[in-house]
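> pasting the structure only:
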């Protein structure tokens, strides 16, 4: 299967997670602070190359009734630019509840409120990635 990179794309930050080589376990990687679209895309493509990534997955924010929002359109625009630069399709994963799940995991792990903000995006990306990996088994 190869390594998989997951993105939790936000307006200010992008949470990043990467799988192990066998594509079984998701690991939070980092929280990238966004600059502008081309620099953000370049960073992700470079990271994918360095990590020998075969597949990139991105969370797709949808409303509870499965509708699309302004944020959904922003993520689709980002992914479109990423696909053009990377030269491969990016797989979308429904990300409803991932940030809430990430917050819950961090609270249960007794991570302080100020520290949670720093890591919640990469934990959300790991949840998106694990969801994807579990569907591939």
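Happy to help now that I have it. Quick caveat: nothing in here was measured; it's all calculated off a predicted structure.
> Buried residues, the longest helix seen in the chain. List them.
In the chain, assigned by DSSP state H, the helix with the most residues is helix 113-136. Buried residues in helix 113-136, counted by 16 or more other CB atoms under 10 Å: 116, 119-133. Any C-beta I mention is one placed from the backbone N, CA and C, and that applies to glycine too.
> quick one: contacts of the helix or strand of the chain with the lowest mean pLDDT?
The weakest-scoring helix or strand in the chain, judged by mean pLDDT, DSSP states H and E, is helix 98-108 (a mean of 71). Outside helix 98-108, the residues within contact range by CB atoms under 8 Å, 6 or more residues apart in numbering are 8, 59, 116, 119, 120, 121, 123, 124, 126, 127, 128, 131.
> still on that earlier bit, report the angle between the axes of the longest helix of the chain and helix 98-108?
120 degrees (axes from the mean of the first three to the mean of the last three CA atoms, to 10 degrees).
> what's helix 113-136 packed up against?
Packing partners of helix 113-136 (3 or more CB pairs under 8 Å, 6 or more residues apart in numbering; DSSP states H and E): strand 3-9, strand 13-19, strand 26-33, strand 53-60, strand 91-94, helix 98-108.
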